[in-house]
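Novice: Model the structure of this input:
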Amino acid sequence: MLNEEKIRQMTELALLKKRKGEQMFEIDNYFKEDYVGKQMLKSFFVYTFCFILIIVLAVLYNLEDLVISVNTVGMYSVFYIVIYILGLIAFEMITYRFFSKKYDETQRSLKMYNDRLNYFEKKFDNKDKLQNNGG
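Specialist: Model prediction:
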């Protein structure tokens, strides 16, 4: 006879693993500092690439004006460096907060998943043993 509660519990665990499982188990392979550091390093390269791309596009767009007034290029370069550093700091702070929170939430979800899995194993293994010994 099928145990409906057992099927329901197994289905819930399978759905949780399907929805969040791959991400949960990947994040669980890291310590928090390592995971957040990896994400911050990625965001550093992405931000730098995007900033350089924007600067190149701005230079290409204003190339004629820049050739005419070469003296102002030095002043603009200092301005762009300051903007880059301030933007990078803000972007890295946002990245740190976002991925720290994501890591903590994933650890809570993984703990809940493991607790439910242990509960499921204890509950239904004991019932199966009792049914096999009693029957």
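
Novice: Run through the neighbouring helices and strands of the one helix or strand residue 87 maps to.
Specialist: In this structure, residue 87 is located in helix 72-134 according to DSSP states H and E. Using 3 or more CB pairs under 8 Å, 6 or more residues apart in numbering; DSSP states H and E as the contact test, the elements touching helix 72-134 are helix 4-27, helix 32-61. Quick note: C-beta positions are derived from backbone N, CA and C, even for glycine.

Novice: middle-most residue in the chain, spatially?
Specialist: The chain has residue 99 as the residue nearest its centroid, 5.3 Å off, counting by CA atoms, centre = their mean.

Novice: which residues does that residue contact?
Specialist: The neighbours of residue 99, taking CB atoms under 8 Å, 6 or more residues apart in numbering as the test, are 35, 36, 39, 40.

Novice: Make CSV out of those residues and add pLDDT.
Specialist: As requested, the contacts of residue 99 are exported to CSV (pLDDT from 0 to 100):
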residue, pLDDT
35, 94
36, 95
39, 96
40, 96
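
Novice: Many thanks, have a good one.
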